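how would this look folded up:
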Amino acid sequence: GNIIMMQKPEDMELFPAEESGYSYIMYFDDYNKIDLTLLPLEELKDYLNGDKLMQVILDKDGRIDRDVVPTDIDYHVRKPSAREYDDCCNEFWNVTPYVVKGLCRKEILFAIDHLNEIVRHELLRMISWKVGIETGFQLSVGKNYKFIDRYISEDLWKRLLSTYRMDSCENVWEALLLCHQLFREVSGEVAERLHYDYPEYDKNITKYTRDMHKKYTGETGCLDSTYAADIEERREQ
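Numbers count the residues shown, from 1 in each chain. You can find the predicted model right below:
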């Protein structure tokens, strides 16, 4: 087909290539896409030892002397160590005040960026560990967690999706609160299953969030009631 769009990363200044070789990323008028990368022969061995998802389509010169069987094992959810678990919790709660600061100042793009790029990322990481525990750490949830809905309850999935509505400061506050609720719920379960300690600073940062919300919006209801419900649920478990 005819090429309707092409990118050559090695020729770009704003988005320079991070890997060796020379690449052509091409879109065709039949709507197929091909990523073509040319490499020198001396890099063949390293290339074959790289991404295990690679599949050999043609070896016309017989240069590959072993079977190459594609597998996604390198992308399986990996069991976190106690330190990794705590690091995830720490990053989630440590960045929350940045989101709060942006909301208090009505800097919604600042708040959304920190919520999406860091807070949500750690929430998704924690949910993936929950999936890993329930599946014996034998599968991948896909790039950008794109398959995670296949392995969690419909209720958890719907609540997670509802945190993506952020078209106003009010909705970002609600999204942040729900992220707190989901993280507290899932990380508590992960801690229990792996016999790790859930950090106490959750309640400190949650109090900070509630106090700032009250100070800058004059509202308390939804934050107080949801946090109280979360704590009561944790006590009953």
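
how about E107, phi and psi?
phi -100, psi 80 (degrees, to the nearest 10).

Can you give me the distance of it to Y216?
12 Å (C-beta to C-beta, to the nearest Å). No exception for glycine: its C-beta is placed from N, CA and C like everyone else's.

Then M26?
50 Å.

try W129
34 Å.

Which one's more surrounded, those two?
W129 (24 against 15; other C-beta atoms under 10 Å).

which residues touch the spatially most central residue of the chain?
In the chain, the residue lying closest to the centroid (C-alpha atoms, centre = their mean) is H121, at 3.8 Å. Neighbouring residues of H121 by C-beta atoms under 8 Å, 6 or more residues apart in numbering: there are none.

next one: Y27
I3, I4, M5, M6, K33.

Distance to V69 and secondary structure added to these, as JSON lines?
JSON lines is the format used below for these (distance: C-beta to C-beta, whole Å; DSSP: H, G, I helix; E, B strand; the rest coil):
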{"residue": "I3", "distance to V69": "32", "secondary structure": "strand"}
{"residue": "I4", "distance to V69": "35", "secondary structure": "strand"}
{"residue": "M5", "distance to V69": "33", "secondary structure": "strand"}
{"residue": "M6", "distance to V69": "32", "secondary structure": "strand"}
{"residue": "K33", "distance to V69": "25", "secondary structure": "strand"}
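
Nearest to L39, out of those: which one, please.
Here the nearest of the contacts of Y27 to L39, counting by C-beta to C-beta, is M6; it sits at 18.7 Å.

Give me the neighbour count for the closest one.
Neighbour number of M6 under other C-beta under 10 Å is 12.

and if you look at D202?
22.

In contact with it: list those residues for me.
C89, W93, R184.

So which of those sit within helices?
C89, W93, R184 (DSSP state H).

so what's the first one up against?
Right, C89. Contacts of C89 (C-beta under 8 Å, 6+ apart): E122, M126, F183, S187, Y198, P199, D202.

Tell me how many other residues surround the third one.
Using other C-beta under 10 Å as the criterion, F183 is surrounded by 23 other residues.

now do the fourth one
S187 sits with 25 neighbouring residues when counted by other C-beta under 10 Å.

And for it, nearest residue in space, chain neighbours not counted?
M126 (5.1 Å; C-beta to C-beta, 6 or more residues apart in numbering).
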